[in-house]
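*Asks:* sequence first, then the predicted structure:
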Amino acid sequence: MPTEFPDHSDALAKLVGEPSGPVELSPEAVNSAMIRHWVEAMGDRNPVYLDREAARAAGYRDVIAPQTMLQAWIMKGLRHTLDLEAARAAGTVASNDANSTMMALFDDEGRTSVVATNCDQSYVRPLYLGDRLLVRSSIEAISDPKQTGLGHGRFATSLMEFFAVSNEVAERGVSAEELVSQAELVGTMRFRILKFRPGTGATAVVAKPPRPRPAITEDNAFYFEGLRAGELRIQHCTDCGTLRHPPLPGCGSCTSLNWDYVLSAGKGEIYSMVVNHYPQVPAFDYPLPIGLIQLDEGTRIVANLEGDPESWAIGQRVTAEIRALDDELSLPFFHHDDMQED
Ligand code: ZN
């Protein structure tokens with residue numbers, strides 16, 4: 001029976017338009033050191049970010065910051081974020097702002113998973129060296145519950161409005177809330193998330209994909225051609241007679257490059273084995289028993305073991321069955337050797 005979750009539509013509607021938290025002042029003014037690191041990391045060679053003459057020639061009064069750095073100016077670093085989270089968890093910092101309340105209501109509705117879906121920035125004017133940024137965040141919109149591909153969820157859009165004052169004004173010791181009233185809007189950012197119930201998304205029925213193809217080379221083509229012809233071939237040195245597998249261009253015993261192949265009878269025993277559970281590749285069924293088979297001819301081969309994974313053990317006798325998986329690929333699968341059990 002599905003779990004019943006409460007519906008917090010009314011409480012969520014009241015949060016729309018509310019500030020997400022306090023107005024924040026950027027820790028530093030727009031400065032050339034951060035710009036230099038940014039353009040270096042981005043590989044952006046536009047000279048207007050670092051060269052005053054180039055900026056003026058392009059019509060700006062001074063060098064400008066890359067527009068996409070908008071949010072970077074108000075970020076206080078990972079340490080700050082971690083400390084804040086720890087303080088909230090310890091109850092030494094309030095966590096009753098509108099954003100925290102919204103997230104708690106989503107969680108209570110069973111929407112504990114989150115994914116960011118959109119981030120749209122718009123720019124009112126370029127940022128110049130010495131601009132000090134302020135950000136005012138609010139909850140702009142919360143959607144009705146919707147069935148999405150990821151799950152049953154709600155979208156929430158946060159609006160961040162960025163303002164600038166001169167560094168001089170910012171240093172006067174006025175509160176950030178007061179500063180905003182005399183600041184100039186320089187850009188906005190809308191950040192949208194989806195909070196959804198895990199495990200309620202579309203369960204697409206996907207046909208089992210074909211088994212991965214082997215990489216065919218000049219050296220191993222004979223082996224896979226043989227399987228398509230229903231033969232289990234073993235490479236054979238025509239100079240010293242040594243058998244080898246997997247296929248190689250030269251003989252490991254005498255270094256000869258001359259070879260042909262012999263046919264294996266497909267009989268042998270399990271030299272080693274593993275039952276694979278993870279990671280699961282869609283083309284295979286799990287648990288997946290895989291054997292290293294010591295063929296009676298003397299070489300070893302890695303191949304699938306058929307039947308109950310629990311029934312397999314090292315030393316057991318096996319027989320190969322060559323099976324065509326499709327027009328391109330045939331492979332050997334090993335069964336318990338019934339003759340041995342008699
Ligand atoms: Zn040889």
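*Replies:* Noted; the coordinates are in hand.
*Asks:* flag every residue of the protein that's near the ion.
*Replies:* The chain comes close to the ion at residues 237, 239, 240, 242, 251, 253, 254, 256, as judged by C-beta under 5 Å from the ion. C-betas here are computed from N, CA, C, even on glycine.
*Asks:* center of the protein - which residue?
*Replies:* Residue closest to the average C-alpha location in the chain (C-alpha atoms, centre = their mean): residue 115, at 12.3 Å.
*Asks:* what's the distance between it and residue 192?
*Replies:* As for residue 115, its distance to residue 192 is 10 Å (criterion: C-beta to C-beta, to the nearest Å).
*Asks:* for residue 4, same thing?
*Replies:* Counting by C-beta to C-beta, the gap from residue 4 to residue 192 is 28 Å.
*Asks:* more neighbours: which of these two?
*Replies:* Taking other C-beta atoms under 10 Å, residue 4 and residue 192 do not tie; residue 192 has more neighbours (17 against 7).
*Asks:* report the beta-bridge partners for the more buried one.
*Replies:* As for beta bridges, residue 192 partners with residue 118, residue 157 under DSSP bridges.
*Asks:* ok, now residue 153?
*Replies:* Going by DSSP bridges, residue 153 forms beta bridges with residue 146, residue 196.
*Asks:* surely it and residue 199 touch.
*Replies:* No: counting by C-beta atoms under 8 Å, residue 153 does not reach residue 199; the two are 12.0 Å apart.
*Asks:* which residues sit in contact with the closest residue to residue 158 other than its chain neighbours?
*Replies:* Of all residues not flanking residue 158 in the chain, residue 191 sits nearest, at 4.7 Å (C-beta to C-beta, 6 or more residues apart in numbering). Each residue near residue 191 by C-beta atoms under 8 Å, 6 or more residues apart in numbering is listed here: 116, 118, 119, 157, 158, 160.
*Asks:* neighbour count: residue 153 and residue 199, which is higher?
*Replies:* residue 153 (26 against 10).
*Asks:* can you pull up the bridge partners for residue 291?
*Replies:* Here residue 291, judged by DSSP bridges, has bridge partners residue 273, residue 303.
*Asks:* OK, contacts around it?
*Replies:* Here residue 291 is in contact with 270, 271, 272, 273, 302, 303, 304, 305, 312, 318, 334 (C-beta under 8 Å, 6+ apart).
*Asks:* what about burial for these, which qualify?
*Replies:* Neighbour counting by 16 or more other C-beta atoms under 10 Å classes 270, 273, 303, 304, 305, 312, 318, 334 among the contacts of residue 291 as buried.
*Asks:* these two touch, right, the last one and residue 304?
*Replies:* So that's residue 334. Yes: using C-beta under 8 Å, residue 334 makes contact with residue 304 at a distance of 7.0 Å.
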